[in-house]
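Participant: Would you be able to build a 3D model of this:
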Amino acid sequence: MSEILQSKHIALLATDGFEDSELEEPLAALRSAGATVTIISEQEGSFTGKNGTEVETDLAVEDAAVAEYDGLLLPGGVENPDTLRMNKTAVGFVQEFFAQHKPVAAICHAPWVLIEAGVVEGRTVTSWPSVRTDLENAGAIWVDKEVVVDDGLVTSRNPGDIPIFCEKMVEEFAKGSSAEEAVS
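Facilitator: Modelled structure (predicted):
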């Protein structure tokens with residue numbers, strides 16, 4: 001086990017309908033790198049992935065404070081980000097990570113939450129192909145790559161990209177807050 005994230009506290013924001021592998025594998029990568037991860041959702045209790053994985057919530061988003069975290073992970077799936085982008089508290093939570101220049105990792109359909117938060121304009125990103133037009137309409141520059149890193153924001157397209165997504169996510173979370181990084 002690597003200890004690269006030993007002193008890091010990461011927020012994972014999700015709700016029902018997440019893509020199971022897009023939560024489970026990045027969560028395992030973060031923990032393997034030594035991070036403490038808090039599972040945050042719309043309410044306390046548990047929520048379920050589209051393939052049946054049940055996840056216990058550590059904290060309701062209304063009780064979470066961005067100042068306590070070093071980074072944010074947003075898993076995909078269709079229902080999960082679609083629901084979260086309708087939750088003003090969740091959207092505000094995401095906005096605050098960007099306001100504080102803290103790294104964020106979003107995969108698949110999760111950029112819908114970033115669009116709702118108004119944080120993609122001028123950024124180079126990737127996503128599930130059907131989210132492309134939404135991202136471009138929000139002012140993002142969309143590219144079809146396994147992973148894109150733009151000033152602390154890590155995005156990937158789908159479950160097939162999870163290995164490189166996890167690698168870049170851990171790297172960005174290890175760097176911490178960003179100012180103006182070049183697109184890689």
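Participant: Looks like Val78 contacts His109 (just checking).
Facilitator: Yes. If you go by CB atoms under 8 Å, Val78 and His109 touch, sitting 5.4 Å apart. C-betas here are computed from N, CA, C, even on glycine.
Participant: Show me the helices in the protein, by range?
Facilitator: Using DSSP state H, the helices of the chain run over 20-32, 79-84, 88-99, 111-117, 132-137, 162-175.
Participant: Quickly list what the spatially most central residue of the chain is bridged to.
Facilitator: The centre of the chain sits closest to Leu74, judged by CA atoms, centre = their mean, with a distance of 2.4 Å. For Leu74, the beta-bridge partners are Ala106 (DSSP bridges).
Participant: any idea how far Ala110 is from it?
Facilitator: Distance of Leu74 to Ala110, computed by CB to CB, to the nearest Å: 4 Å.
Participant: between these two, what contacts are shared?
Facilitator: The contact sets of Leu74 and Ala110 overlap at Pro81 (CB atoms under 8 Å, 6 or more residues apart in numbering).
Participant: so what's the residue nearest to Val66 when sequence neighbours are not counted scoring on pLDDT?
Facilitator: Excluding the flanking residues, the one nearest Val66 by CB to CB, 6 or more residues apart in numbering is Glu96, at 4.1 Å. pLDDT for Glu96: 98.
Participant: which residues sit against stretch 21-35?
Facilitator: Contacts of stretch 21-35 (CB under 8 Å, 6+ apart): 1-6, 8-10, 12, 14, 37, 49, 53, 55, 73, 75-77, 105, 107-108, 110, 159, 162, 165-166, 169-170, 173-174.
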